[in-house]
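Chemist: make a model of this:
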Amino acid sequence: MRSRGGRWVVAGVVFAACSRPVEAPAAAAAVPEVARPLAVAVERPAPVDPALAPARRVAAANRLALAEELLCSYQDASKYPFTSRPIHEHPDQVQPNRPVVELRSMRARDGSRDTKIRVRTGQSRVFMAAGESVVFDIAATDAEGRRLALEVERAVARGLPGERGLAAPQVVLVMDEAGVGQATGVLSPAATEFAGFAGTIRAEIEYRVAGLAGVAWLDVFYSPEVPATWSGEIQETVEDGSLVFAMKAQVAAPGRYLVSARVDDARGEPLALLTFNDVLGAGEQVVRLRMHGRLIHDLAPTFPLRLRDIDAFLLREDTDPDRALMPRIEGEARITRMHGLAEFSDAEWQSEERTRYLTEMIRDVEQARAELAELDAGRPGLAFTPDQCRGFNASVGAPQS
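Modeler: Got it, this is the predicted structure:
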């Protein structure tokens, strides 16, 4: 069997000797020479060509640098829990209720495009809970941005069939002029044949610009079921060094719920995305959104903080559609009290998984340091401490806003 350092160990003889019964010294003398146990038989590696030593040192230094980078990157990325993250990590979640706007070349039904005409489409939302509406709009400009006359010839909204392939409803979408070369339409599923439809609704708008025919498609997801509703005021506490928002919910359909909320500081600066992912039973339940203390210390926000734009849904695994939406809370939901940083813990988040990963990565770093120390006497193989990552993490920093 070969060891990590490249040495050969005669393990079979040692095992055979260890399994032999203990005998008196006189009997041991009678054992044939070939059967006597050998403690360790080592074959030392052949001397390394001095010409190759620099290349080996470079390779070892590169392995050490990679091991340290992996360790420090993981330590920094995992210092907050998954449910309490800086909002810059999720730029698409900063303003979830803003209209979705796209600007593309005019497209014909056969897929061809006219790059001289630009078509702007917009929709006020992508996900609709029961009772909500969506506003669609469309406009056209030339390559220089000048508005062109646009006429909607036909517009319909149809449900896309799910996995079951059932027939889906279809309704006429009324598009009204909203200025020169612009048209808008409103779809309220609850007031149409879509009242009981769950899934994707596609708006198909056929239009004409400068005598040319084009088509645009816009999709929204509609959920007619109300699995749970929010109830009562949001409570705010400091628990275990973190800021906790407790939200009561009346749950009609038990199951796994996913909740997302945003936190801004007193100046309106987006700070954090708080999430909840757990099973809720039927009846009155409490959803707890936790802003981790270390995250508060690192962000050093201006209080009071503002909890806003809360959305949630019941996850339905292995089905289509895969979710039922709760009524959203748009805008400000809670303003916190004034707090000082001393109220919150600056300790990093800990878990069994994080400890296990860090232990393995520290072991890799120390092994790489030891290997480099064997090749370079001027670089001792010092034990690694997590504090040594601070310089590395400070150098990479947070993404620029």
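
Chemist: now do residue 226 against residue 66, distance only.
Modeler: 51 Å (C-beta to C-beta, to the nearest Å). Yep, even glycine has a C-beta here, placed from its N, CA and C like the rest.

Chemist: the more surrounded of these two?
Modeler: residue 226 (17 against 13; other C-beta atoms under 10 Å).

Chemist: surely that one touches residue 314?
Modeler: No. Using C-beta atoms under 8 Å, residue 226 makes no contact with residue 314, being 9.7 Å away.

Chemist: shared neighbours of those two, which are they?
Modeler: By C-beta atoms under 8 Å, 6 or more residues apart in numbering, residue 226 and residue 314 have these common neighbours: 324, 326.

Chemist: just the element for the closest residue to residue 299 other than its chain neighbours, please.
Modeler: Excluding the flanking residues, the one nearest residue 299 by C-beta to C-beta, 6 or more residues apart in numbering is residue 271, at 5.4 Å. Per DSSP states H and E, residue 271 falls inside strand 270-280.

Chemist: what's the answer for residue 69, then?
Modeler: Going by DSSP H and E, residue 69 is part of helix 53-77.

Chemist: buried sites along that helix?
Modeler: Across helix 53-77, burial judged by 16 or more other C-beta atoms under 10 Å covers 56, 60, 61, 63, 64, 67, 68, 71, 72, 75, 76.

Chemist: quick check, the last one in contact with residue 349.
Modeler: No. With contacts defined as C-beta under 8 Å, residue 76 does not count as touching residue 349, sitting 11.8 Å away.

Chemist: only C-alpha atoms, please: export stretch 55-66 in PDB.
Modeler: Provided in PDB are the C-alpha atoms of stretch 55-66 (Å, rounded to 0.1, in the frame of the first residue of the first chain):
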ATOM      1  CA  ALA A  55       8.400  24.000 -11.200                       C
ATOM      2  CA  ARG A  56       7.400  21.800  -8.300                       C
ATOM      3  CA  ARG A  57       7.400  24.800  -6.000                       C
ATOM      4  CA  VAL A  58       5.300  26.800  -8.400                       C
ATOM      5  CA  ALA A  59       2.800  24.000  -8.700                       C
ATOM      6  CA  ALA A  60       2.600  23.500  -4.900                       C
ATOM      7  CA  ALA A  61       2.200  27.300  -4.400                       C
ATOM      8  CA  ASN A  62      -0.700  27.300  -7.000                       C
ATOM      9  CA  ARG A  63      -2.400  24.400  -5.200                       C
ATOM     10  CA  LEU A  64      -2.100  26.300  -1.900                       C
ATOM     11  CA  ALA A  65      -3.500  29.500  -3.400                       C
ATOM     12  CA  LEU A  66      -6.500  27.600  -4.800                       C
END
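
Chemist: what about that stretch, average pLDDT?
Modeler: Averaged over stretch 55-66, pLDDT sits at 90.

Chemist: now swap in stretch 307-323 and tell me
Modeler: Mean predicted confidence for stretch 307-323 is 95.

Chemist: any buried residues in it, and which?
Modeler: Under the neighbour-count criterion of 16+ other C-beta under 10 Å, stretch 307-323 has 307, 308, 309, 310, 311, 312, 313, 314, 316, 321, 323 buried.

Chemist: quick one: it to chain centroid distance?
Modeler: Put simply, stretch 307-323 sits 16 Å off its chain's centre (C-alpha atoms, centre = their mean, to the nearest Å).

Chemist: span of it from start to end?
Modeler: 24 Å (C-alpha to C-alpha, to the nearest Å).

Chemist: give the contact list for the residue nearest to residue 299.
Modeler: 86, 87, 263, 264, 265, 299, 301, 305.

Chemist: 6 Å - rerun?
Modeler: By C-beta atoms under 6 Å, 6 or more residues apart in numbering, the contact set of residue 271 is 87, 263, 265, 299, 301.
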